[in-house]
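Coordinates for the following, if possible.
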Amino acid sequence: LLPERLAGSADVFFPTCFDTLRAIDFATSSQNTHRANARLCTIVTTKKFMTDYADVAATVTGSGYNPLLQDFSNTKFLLSGAPAHPHDHDHDDH
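Reported below is the predicted structural model:
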């Protein structure tokens, strides 16, 4: 355990095989007679995810550095059951 003063100061990531995770998600979401209900997952880089879903203009530092776009270049997100584009649901009535 980290000392209290260091709590939250470290990021912990685990190696993940996203292709396998996508296959598992598809298989488990299609375990019924209506295979059309199976989810299709998308795997995106952290930069793509942040560009689509975050206010990246608000995270630029004074030097022009943007940690949301420039850090974690070796990480990815798995999107399951998400709209094709984050703003596709902006006008939903619910």
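
only C-alpha atoms for contact and neighbour calcs from this point on.
Fine.

Can you name the next helix or strand after the longest helix seen in the chain?
Assignment by DSSP state H gives helix 18-29 as the longest helix of the chain. Per DSSP states H and E, the first helix or strand lying C-terminal to helix 18-29 is strand 41-45.

quick check: angle from the very next helix or strand once past that next one to strand 41-45?
Downstream of strand 41-45, the first helix or strand assigned by DSSP H and E is helix 46-53. Angle of helix 46-53 versus strand 41-45, following axes from the mean of the first three to the mean of the last three Cα atoms, to 10 degrees, is 110 degrees.

picking that back up, mind saving the C-alpha coords of the longest helix of the chain as CSV?
Output of helix 18-29 as CSV, limited to C-alpha atoms (Å, rounded to 0.1, in the frame of the first residue of the first chain):
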residue,chain,number,x,y,z
PHE,A,18,-8.3,-6.7,-26.6
ASP,A,19,-9.0,-9.1,-29.5
THR,A,20,-9.7,-11.9,-27.0
LEU,A,21,-11.8,-9.6,-24.8
ARG,A,22,-13.8,-8.5,-27.9
ALA,A,23,-14.4,-12.2,-28.8
ILE,A,24,-15.5,-13.0,-25.2
ASP,A,25,-17.9,-10.0,-25.1
PHE,A,26,-19.4,-11.0,-28.5
ALA,A,27,-19.8,-14.7,-27.4
THR,A,28,-21.4,-13.9,-24.1
SER,A,29,-23.8,-11.3,-25.5
